[in-house]
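Chemist: quick check, what structure comes out for this input:
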Amino acid sequence: MSIGLFFENYIHYAGIFPPLIYHLEKNKSEIKELAELMYEDRAFFFDGTGRSGKVGHRGKRNFGLEGIGKRTHFVNSGFEVKPEKGDVYIQISGSGTRKILLENLSIAKQYEMVTCGITRNLDSGLAKESDIVITLPQSIAGEDEIKKYFNENMKTVEKPFRELGSVFEVSGLILIDGLSYGMAQYVQNSEFKFSDVKDKVFNSLEYIGRLQYNLENQKDKIEKIIRTIKESERNIRVAGFRFTADIGEMAAMRMNHKIYENGKREASFINLSEFPEIKPGDIVIPLSGEGETHVTNWITKQFVGLGNKAFPLTYRKKSALTKLVGEENSIIFPPTKKYKLSKTYEIREYEIGLMITLDSIALSLERSEQEMERTHSVFG
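Modeler: Coordinates of the predicted model:
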């Protein structure tokens, strides 16, 4: 049933797009207001915790000097870089109620920054106190009915997709990439077009549809990954670099919710500054679009060299990475459109497809939602 659960989850994630597009239209004037700050000499400070924080890191990277070209920072546990009056503070928080984040929002207002809240909760402190509020969907069509049905049949039926922030985080990633593309066009062409943001979101939806077709034709590979993770007693590592790094960290967080068993094993993203000891039986999931990233391929080689399993997700069928592990162990994504934010920096639909696919794998491991709540501090 794991493969059926995988596609059940995947289809629910695809259901994000209609309400997301509705929210984009609803927040059209707020998005334009945020975009108009781009042309002024302002620094942008992103903030968030957990997986929402990783969406913020994506924003910091996209908006940064190598991307759109702005000065960007991530707040972390405080303002390590002192803001100036008029700088922009962007907090990404589904619930909009986290104490540490509301404290950061209060500090931002003391610095007379322009504050922007990206949230699903209009009744939150974040929404009420921010100068600009952009809302995202917190659920998908029919989700309440799905939850009710499966809660009533838990003893006999497998549990499908449950939200717990996933809808918000994936919506946040799609929004941040859409904003990044639209604002990059604005900076380059001196005219902000809301249609650029919408086009990027619609293109993401089209890519998710093509990706589903590809995945349907690779059911055996997906089943093998899920079965290997479920049957393993060892750690799961996710590897990625630059464009896929934040996606990899979010995927590791979600997977850790599903496999963590009292310290016996864990899922984590490989940080080269703290490279983990590779033990027999550890599994690695490398993320590399072209399959030619030196860092990711080197990490994969360390695992393969010890006889460990590696399951890459890539859009190049013939690459150094797939050659290293074998095409039979590689999930091949469809070709992806690239959106240039600068001469050397691009975003791709591939990363959005990665997040949805990896979350669908994680949510197919059938661990309890109560356990997920205990092992992660932010679900909103």
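
Chemist: point out where this protein drops to low pLDDT.
Modeler: By pLDDT under 70, the low-scoring segments of the chain are 1, 138-165, 261-263, 366-380.

Chemist: hmm, who's touching stretch 214-223?
Modeler: With contacts defined as C-beta atoms under 8 Å, 6 or more residues apart in numbering, stretch 214-223 is touched by 2-3, 6-7, 10, 311, 328-334, 357, 361. Any C-beta I mention is one placed from the backbone N, CA and C, and that applies to glycine too.

Chemist: list just the nearest of these to T344.
Modeler: For T344, the closest of the contacts of stretch 214-223 turns out to be F333, at 22.7 Å, with distances computed as C-beta to C-beta.

Chemist: related to what we said a few turns ago, tell me the buried residues within the contacts of stretch 214-223.
Modeler: Applying 16 or more other C-beta atoms under 10 Å to the contacts of stretch 214-223, the neighbour count classes 2-3, 6-7, 10, 311, 329-334, 357, 361 as buried.

Chemist: could you identify the most distant pair in those?
Modeler: Greatest spacing in the buried ones among the contacts of stretch 214-223, by C-beta to C-beta: S2 and P334 (23.0 Å).

Chemist: any chance of JSON lines for the buried ones among the contacts of stretch 214-223, columns secondary structure and distance to K224?
Modeler: What follows is the buried ones among the contacts of stretch 214-223, written out as JSON lines (DSSP: H, G, I helix; E, B strand; the rest coil; distance: C-beta to C-beta, whole Å):
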{"residue": "S2", "secondary structure": "helix", "distance to K224": "10"}
{"residue": "I3", "secondary structure": "helix", "distance to K224": "10"}
{"residue": "F6", "secondary structure": "helix", "distance to K224": "12"}
{"residue": "F7", "secondary structure": "helix", "distance to K224": "15"}
{"residue": "Y10", "secondary structure": "helix", "distance to K224": "17"}
{"residue": "F311", "secondary structure": "coil", "distance to K224": "8"}
{"residue": "N329", "secondary structure": "helix", "distance to K224": "8"}
{"residue": "S330", "secondary structure": "coil", "distance to K224": "11"}
{"residue": "I331", "secondary structure": "strand", "distance to K224": "10"}
{"residue": "I332", "secondary structure": "strand", "distance to K224": "14"}
{"residue": "F333", "secondary structure": "coil", "distance to K224": "17"}
{"residue": "P334", "secondary structure": "coil", "distance to K224": "20"}
{"residue": "T357", "secondary structure": "helix", "distance to K224": "14"}
{"residue": "I361", "secondary structure": "helix", "distance to K224": "11"}
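
Chemist: same list (these) but as JSON lines, adding distance to K109.
Modeler: JSON lines is the format used below for the buried ones among the contacts of stretch 214-223 (distance: C-beta to C-beta, whole Å):
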{"residue": "S2", "distance to K109": "48"}
{"residue": "I3", "distance to K109": "49"}
{"residue": "F6", "distance to K109": "44"}
{"residue": "F7", "distance to K109": "45"}
{"residue": "Y10", "distance to K109": "41"}
{"residue": "F311", "distance to K109": "46"}
{"residue": "N329", "distance to K109": "51"}
{"residue": "S330", "distance to K109": "49"}
{"residue": "I331", "distance to K109": "45"}
{"residue": "I332", "distance to K109": "48"}
{"residue": "F333", "distance to K109": "42"}
{"residue": "P334", "distance to K109": "45"}
{"residue": "T357", "distance to K109": "39"}
{"residue": "I361", "distance to K109": "41"}
